[in-house]
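Visitor: Just to be clear, the model below is a prediction. Sequence and coordinates:
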Amino acid sequence: MTVEEHAAVILWFRRDLRLADHPALVAAVATGRPVIPVFVHDETVETLGAAAKWRLGEGVAAFARTLEVIGSRLVLRRGPALDVLRALVAETGAGSVHWTRGYDRDSVARDREVKATLGAAGIGARSFPGAVLFEPWTVETGQGRPYSVYTPFWRAVRGRDPGGPDRAPTRLPPPGAWPGSESLADWAMGTAMKRGAAVVGRFASVGEVAARARLDAFLHDKLSRYGTDRDYPMRDATSGLSEHLAWGEISPRTIWQAAMAARDDGVAGAEKFLSELGWREFAWHLMYHAPDMDRRNWRADWDNFPWRGDNADAERWRRGLTGEPFVDAAMREMFVTGRMHNRARMVAASYLTKHLLTDWRVGLRWFAECLTDWDPAANAMGWQWVAGSGPDAAPFFRIFNPATQAEKFDPDGGYRRAYIAEGQKKPPETARAYFEATPLHWRLSPNSPYPARMIDLAVGRKRALDAYATRDAATAK
């Protein structure tokens, strides 16, 4: 064998913090060469919101421990990805770098530069399928275009087999000498969370082992009622896998194949759950083909809509002080747990964009700051779907009424009581925790009176519909 054939493989981990069903890892091990796992705190990490960056740090720590169990270790470096990888190649004599693909604009641009530069230097730079079931360029309409409507997209992928999942290796061959590593503690990835980190940490589920346990529990205890109960926040019928998917602690193929097996066994709820995985897949395909989806209206005619920029009403929305209990419960749930039930997300987003006529990007930025399961594609598509500006969007006249939504999906008020302490003699821990997590300068207290409603719901609905009519008139000119 040549020297190059003995050279180590640098395995560059990003949002794929797992051993099982990891194509780049499988390929690295198959070379028979030493494998050097690396995580780079690069430009894409720097721009993460407070909760997402904190949760990523927790995931990196857990994954480092996982690698130690199989006799390996995770090398940590900080800096621009290309500079860090070139330095590591020089230090270790590595012959190639492997990674899983990202599909958002910033990741694609970074990875293209890395691949071109390393390749020009004679270093094998190989990327592998990432956190999707099917590569975005492999799913097209009959006219060779990407889908922009979910239903035909779902018909196109529902019967496809994504393959896998691959088993986790029991050992990674180590290099003769390990390169130096920085300290995760020195990165202080939870700094922006301030006192909120201790609160959110009570509700986090971190790491590959936890992800697999959560999937197994969902399949055994909740999947059968997923189709009927998933819209009710207090029925605990969802998988809870979103934060694990966001950081790659479990692959979509692993979840897909497990749910398909349950469907084939006749488990009620499996088909609906598979379609929700399909919705996530659709979001990533859209973002790959429309990389500005998180920045610009998908439908150009919405550029004429008179949304407000950031404003005082939006600040009350951020703080869970709108006086609309279902909306406030949702916003506080996010601040306490780092997550928000999907039904509540739709209602909170509709309230901001329609009752408060505030630009969907204001809401998207706040979610990016507060969610531990921050998924750029799913959140961008979700916000534009609710606002009406996106592909396959809800009609603008579909304005979620928070009061009727609460009556239907929180009929006994349990969700609202769980997160709104004001007015309760003995509020539960989740409601009290909100005041432990919020910034001190907000000066919030559970003993304060609950705020009055910001806007009459009927008035807010009419104002939104009038604005929609104005937009149509402006577009027609």
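Guide: Thanks, I have the structure now. Numbers count the residues shown, from 1 in each chain.
Visitor: Can you pull out the low-pLDDT segments for the stretch 251-400 of the chain?
Guide: The stretch 251-400 of the chain contains residues with pLDDT under 70 at 393-394.
Visitor: all helices of it, in order?
Guide: 252-264, 270-289, 312-318, 325-337, 342-350, 360-370, 376-387 (DSSP state H, counting those that start in this stretch).
Visitor: The fifth one relative to helix 360-370, how many degrees between them?
Guide: What that stands for is helix 342-350. Interaxial angle, helix 342-350 versus helix 360-370 (axes from the mean of the first three to the mean of the last three CA atoms, to 10 degrees): 130 degrees.
Visitor: can I get the CA coordinates of stretch 405-413 in PDB?
Guide: Taking C-alpha atoms only, stretch 405-413 is exported to PDB below (Å, rounded to 0.1, in the frame of the first residue of the first chain):
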ATOM      1  CA  GLN A 405     -58.400  26.700  18.900                       C
ATOM      2  CA  ALA A 406     -58.100  26.600  22.700                       C
ATOM      3  CA  GLU A 407     -61.600  25.400  23.000                       C
ATOM      4  CA  LYS A 408     -61.000  22.600  20.500                       C
ATOM      5  CA  PHE A 409     -57.500  21.500  21.400                       C
ATOM      6  CA  ASP A 410     -57.200  22.500  25.100                       C
ATOM      7  CA  PRO A 411     -60.800  22.000  26.200                       C
ATOM      8  CA  ASP A 412     -60.000  21.700  29.900                       C
ATOM      9  CA  GLY A 413     -57.400  24.500  29.900                       C
END
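Visitor: Measure how far that stretch is from the centre of its chain, please.
Guide: 26 Å (CA atoms, centre = their mean, to the nearest Å).
Visitor: Which residue, neighbours along the chain excluded, lies closest to residue 176?
Guide: Nearest residue to residue 176, sequence neighbours excluded (CB to CB, 6 or more residues apart in numbering): residue 34, at 7.2 Å. Bear in mind the C-beta positions are built from the backbone N, C-alpha and C, glycine included.
Visitor: sorry, back to before: among the helices of the stretch 251-400 of the chain, which is nearest residue 407?
Guide: Closest of the helices of the stretch 251-400 of the chain to residue 407 is helix 325-337, at 9.2 Å (criterion: CB to CB).
Visitor: Who are the packing partners of that closest one?
Guide: Secondary-structure packing of helix 325-337 (3 or more CB pairs under 8 Å, 6 or more residues apart in numbering; DSSP states H and E): helix 196-200, helix 312-318, helix 342-350, helix 360-370, helix 402-409, helix 414-419, helix 429-437.
Visitor: any idea of the angle it forms with helix 342-350?
Guide: Going by the same axes, to 10 degrees, helix 325-337 makes 110 degrees with helix 342-350.
Visitor: report the angle between the axes of helix 325-337 and helix 429-437?
Guide: Using the same axes, to 10 degrees: helix 325-337 against helix 429-437 is 70 degrees.
Visitor: contact partners of helix 325-337?
Guide: 196, 199-200, 203, 233, 317-322, 339-341, 344-345, 347-348, 351, 367, 370-372, 402-403, 405-406, 410, 415-416, 418-420, 430-431, 433-434, 437-438, 450 (CB atoms under 8 Å, 6 or more residues apart in numbering).
Visitor: returning to that earlier point: okay, the helices and strands packed on helix 325-337, which one's buried deepest?
Guide: helix 342-350 (a mean of 23; mean count of other CB atoms under 10 Å).
Visitor: one step back: hang on, isn't the residue nearest to residue 176 packed against residue 175?
Guide: Yes - contact criterion CB atoms under 8 Å: residue 34 and residue 175 qualify, at 4.1 Å.
Visitor: got any residues that touch both of those two?
Guide: Common neighbours of residue 34 and residue 175, using CB under 8 Å, 6+ apart, are residue 8.
Visitor: Of all the helices of the stretch 251-400 of the chain, which one comes closest to residue 69?
Guide: Nearest to residue 69, of all the helices of the stretch 251-400 of the chain, is helix 252-264, at 19.2 Å by CB to CB.
Visitor: any idea how far that closest one is from the chain center?
Guide: In this view, helix 252-264 has its centroid 20 Å away from the chain centroid, taken as CA atoms, centre = their mean.
Visitor: Now do the buried residues in that helix.
Guide: 252-260, 262-263 (16 or more other CB atoms under 10 Å).
Visitor: I'd like the distance between the residue nearest to residue 176 and residue 97.
Guide: Separation of residue 34 from residue 97 (CB to CB, to the nearest Å) stands at 13 Å.
Visitor: Those two: who's more crowded?
Guide: Shown here are residue 34 and residue 97; by other CB atoms under 10 Å, residue 97 has more neighbours (27 against 21).
Visitor: partners of the more buried one in the sheet?
Guide: Counting by DSSP bridges, residue 97 forms beta bridges with residue 10, residue 125.
Visitor: so residue 127, which of the three states?
Guide: Three-state assignment for residue 127 (DSSP: H, G, I helix; E, B strand; the rest coil): strand.
Visitor: Name the nearest residue to it, ignoring sequence neighbours.
Guide: Leaving out its chain neighbours, the residue that sits closest to residue 127 by CB to CB, 6+ apart is residue 101, at 4.9 Å.
Visitor: what number of residues lie near the one you found?
Guide: 20.
Visitor: In contact with the residue nearest to residue 158 when sequence neighbours are not counted, which residues?
Guide: Nearest residue to residue 158, sequence neighbours excluded (CB to CB, 6+ apart): residue 278, at 6.9 Å. Residues counted as contacts of residue 278 (CB under 8 Å, 6+ apart) are 150, 153-154, 157-158.
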